[in-house]
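Peer 1: fold the following for me, if possible:
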Amino acid sequence: MSETSKISIRYDDIPYKVSPGRTILTALEEAGRDFVRGIGCRGGVCGACTILYRIKGKPEFIAALICQDEVEEGMEILPLPYIPQKKVQHDLVLGEGETPEYLVRKLYPEVNNCVMCGECTRLCPVDIDVMSYVGMIKRGDLAGAAHESFTCIQCQACVLRCPSQISQPNAALAARRFQGRFKEAPAEHLSKAVEKMQSGHYKSIFRRLSRLDPDDLRALYQRREREPDNTHPGTWLPQDRSLL
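Peer 2: Just a heads-up that it's a prediction; the model follows:
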């Protein structure tokens, strides 16, 4: 691609000429940027590559994942390799007279200070209604909060702009944990999987994988069965069920 057809961006205050139509990650790598940290799954799941960017001349900051969002002319990108967060250690134990709803609010009482400004929802790079699930935690609706926050990638971008200093992703994680432990029926398939693991069922499979050379292992990974996009939860199973 000729230099005249490329677009101009800045990453960490360094200018780059990059190819349009690429993700920020692939465009920067093609331009010679070597990433040794701040990159994880490359599939939009882990939240490790969260950034903030602003289009030159426009006022708003936007949160994005560099492995998912495409480059735009005039992007000024701020990498976020680490975001300090409040993470309260806790056990999934109920004391006498305590409820899961009470304990989640006790762990993260700042949810009660939410002023409903909506900045958390606006900034979320995976389009979760963060303000909504914070309100659910306040009301004691852990099932709703667990469902609404289920696709959270723990990037912590919402924490950056919260005027009430709420650690939304960790409050939601506590809500999901307490909801799963005390409110949901035990998952039979998970119990069976644990029994299989303890019986040594998977040892021979992993021994076989460990003997493969890197190229064969990579080819096996590329041929893996993948769940189609937009499949209704709980309806898809792979043909090879040896690992289930």
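
Peer 1: sketch out the low-pLDDT regions of the protein for me.
Peer 2: 1-3 (pLDDT under 70).

Peer 1: walk me through the domains of it.
Peer 2: Under automatic domain parsing, the residue ranges defining each domain of the chain are 3-79, 100-182, 191-220.

Peer 1: mind checking which of those is nearest residue 233?
Peer 2: The closest of the domains of the chain to residue 233 is domain 100-182. By Cβ to Cβ, the value is 9.3 Å. To be clear about C-beta, it is placed using only N, CA and C from the backbone, and glycine gets the same treatment.

Peer 1: chain center to that closest one, what's the gap?
Peer 2: Computed by Cα atoms, centre = their mean, to the nearest Å, the chain-centroid distance of domain 100-182 equals 14 Å.

Peer 1: tell me which helix or strand comes right after the helix or strand harbouring residue 177.
Peer 2: Using DSSP states H and E, residue 177 sits in helix 168-182. On the C-terminal side of helix 168-182, the nearest following helix or strand under DSSP H and E is helix 188-198.

Peer 1: off-centre distance for that next one?
Peer 2: The offset between the C-alpha centroid of helix 188-198 and the centroid of the whole chain comes to 26 Å, using Cα atoms, centre = their mean.

Peer 1: cool, stretch 62-80 as well?
Peer 2: Taking Cα atoms, centre = their mean, the mean C-alpha location of stretch 62-80 is offset from the chain mean by 16 Å.

Peer 1: stretch 194-204 now?
Peer 2: 29 Å.

Peer 1: what about that stretch, start to end distance?
Peer 2: The straight-line separation of the ends of stretch 194-204 (Cα to Cα, to the nearest Å) is 16 Å.
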